[in-house]
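> predicted model and sequence below, questions to follow.
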Amino acid sequence: MAYSIAEFKAQCKGTVAEPGDEGYNYMKWAPNGGLPSKIVVMPSDTNDIAKAIKFARANGLDIGILGGGHNNSTASASNGLLLNMRKLNTIQIDEKSKVGYIQSGALVGEIEDETAKYGLGACVPIYSQISIGGYVTAGGFGFSMGAHGLAADSLLSATVVLATGEIVDASATENPDLFWAIKGGGSNFGVVAEVRVKLHDHRADAFAFSAKVYESLFVTMICGPDQKPYVIVNGVSNTTEEEGEAAFKGFVDLGPVQITAGQVPWTQTCHYLDAVSDAPANKIIGGAHIDVFDVAQVQKVYEAWERLLQDAPFSAIMCEFYHCGRLADVPLVSAAFAQRYQLKTVLCACSGYSDEYLPHARDTLMNIKKVISASSSPFAQQSIGYVNYGDAYCTLNETEEYTKQIFGPNYPRLQAIKKKYDPEGVFNRWFAIKPGP
């Protein structure tokens, strides 16, 4: 039975705001990624989430879940009720057991600052402004993937609020089917309020460049502060300066125009791409996979990127060279995440374009994606890219085409779990899984 917004506000500890109210904010880092919501709720605790879900369902409101606001699509937005998770940002570290208890709204920069106090680190992404909840439940690539694998593979348990408003724990021993599903299945099964993750020993500093097994390397096409185009080779290694210099020697010997290398605090590494995040105006990102990285094709990609800059002047293309051994070694059936490929990931960011260019941005992105993977295998060419870079696809849920591609052979099992925990499809914003028969 429906009940009033006044009654709902009286029940919640957190902020409940309508248009015009203080605290009403549905905006994200990309203006085109938000939707004007009827109600924005900033929960103060897990019970607030449960109350918000019950209120939305009683009043026929769609539900969106906003964490760091880093998704450029409307998958983390809603015209109905938007759950803004940023107040749920508590981070607690059990140093002895090396476990982090992290609420879903905590941002990567906050997590890195806290774990570093204990000489530990979580598997987190390369952007400081991403929240942990959406990142882990969608899979999770990052600097430490070569050493520790996928972020979802370090997930120990989670607190989840279901479509009924029921609050449950999910782990290997408690609701294990739900636990399996949220390790890659994203927001399809409920609102993840808190995650418990395995932490790993970490040096307090890092060398700026490296390409060994436990490090990550990036080749980025991006405009500098002077708005001139640059190709930057950047790597991160949680090693000593001597080890980093030795590993990076081959790149230095190429004779690049400018070299910046040395030890930096590890907590700074997640700020490497903040400039991309802070770019003004509209944005859309997409992913590609490659298994061939050749000079001729890179030149074509560079030329396509230069053309893109005419309409989207803050655009960037980044080839990410992670060591995928630990990712691929985990059996596909161990978690919902199905992209355990020995492929290289490419991020395409179409950024800084006007409202007039909005109708053309996705097509432009798709054309650049074709150029990027043109010399790679048919499998790589047909891939829609890393799932967390799926802004151009994740809300196209009229059919199951892209959802089936993302989850591959795990999709039938996900459908069965969806039927059990969310049979009415309440959570349907991101690569929506249809409940099984």
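Cool, the structure landed. Numbers count the residues shown, from 1 in each chain.

> name the helices or strands packed onto the helix or strand hosting residue 362?
Using DSSP states H and E, residue 362 falls within helix 358-373. Applying 3 or more Cβ pairs under 8 Å, 6 or more residues apart in numbering; DSSP states H and E, one finds that helix 358-373 contacts strand 282-290, helix 295-308, strand 344-353, helix 378-382. C-beta here means a position set from N, CA and C on the backbone, and glycine is covered the same way.

> what's the angle between that helix and strand 282-290?
20 degrees (axes from the mean of the first three to the mean of the last three Cα atoms, to 10 degrees).

> who touches helix 358-373?
If you take Cβ atoms under 8 Å, 6 or more residues apart in numbering as the criterion, helix 358-373 is touched by 32, 282, 284-290, 297, 300-301, 304-305, 308, 311-312, 317, 346, 348, 350, 353, 380-381, 383, 385, 392.

> can you flag the buried ones in those?
Taking 16 or more other Cβ atoms under 10 Å as the criterion, what is buried in those is 32, 282, 284-290, 297, 301, 304-305, 308, 311-312, 317, 346, 348, 350, 353, 380-381, 383, 385, 392.

> got the angle between the helix holding residue 362 and helix 295-308?
170 degrees.

> which parts of helix 358-373 are buried?
For helix 358-373, by 16+ other Cβ under 10 Å, it's 361-362, 364-365, 368-369, 371-373.

> what's the answer for stretch 220-228, then?
220-223.

> circling back to that earlier point, between the buried residues of helix 358-373, which is nearest residue 114?
residue 365 (35.3 Å; Cβ to Cβ).

> what sits against the closest residue to the closest one other than its chain neighbours?
Nearest residue to residue 365 in three dimensions, chain neighbours excluded: residue 286, at 4.6 Å (Cβ to Cβ, 6 or more residues apart in numbering). Contacts for residue 286 were tallied using Cβ under 8 Å, 6+ apart; they are 348, 350, 365-366, 368-369, 385, 389-392.

> just to revisit the earlier point, kindly export the helix holding residue 362 (C-alpha atoms) in PDB.
Coordinates of the C-alpha atoms in helix 358-373 are reproduced here as PDB (Å, rounded to 0.1, in the frame of the first residue of the first chain):
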ATOM      1  CA  LEU A 358      24.900  14.000 -28.000                       C
ATOM      2  CA  PRO A 359      23.000  12.200 -30.800                       C
ATOM      3  CA  HIS A 360      26.400  11.500 -32.500                       C
ATOM      4  CA  ALA A 361      28.600  10.500 -29.600                       C
ATOM      5  CA  ARG A 362      27.700   6.800 -29.400                       C
ATOM      6  CA  ASP A 363      28.200   6.200 -33.100                       C
ATOM      7  CA  THR A 364      31.500   8.000 -33.000                       C
ATOM      8  CA  LEU A 365      32.600   5.800 -30.100                       C
ATOM      9  CA  MET A 366      31.500   2.600 -32.000                       C
ATOM     10  CA  ASN A 367      33.500   3.700 -35.000                       C
ATOM     11  CA  ILE A 368      36.700   4.300 -33.000                       C
ATOM     12  CA  LYS A 369      36.100   0.900 -31.300                       C
ATOM     13  CA  LYS A 370      36.200  -0.800 -34.700                       C
ATOM     14  CA  VAL A 371      39.500   1.000 -35.600                       C
ATOM     15  CA  ILE A 372      41.100  -0.100 -32.300                       C
ATOM     16  CA  SER A 373      40.300  -3.800 -32.700                       C
END
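
> let's test this: mean pLDDT of it, rounded?
Helix 358-373 shows a mean pLDDT of 94.

> and stretch 46-65, by the same measure?
Here the average pLDDT along stretch 46-65 is 97.

> what comes up buried for it?
In stretch 46-65, residues buried by neighbour count (16+ other Cβ under 10 Å) are 46-57, 59, 61-65.

> next step: the residues you listed restricted to strands.
Filtering the buried residues of stretch 46-65 for membership in strands, criterion DSSP state E, returns 63-65.
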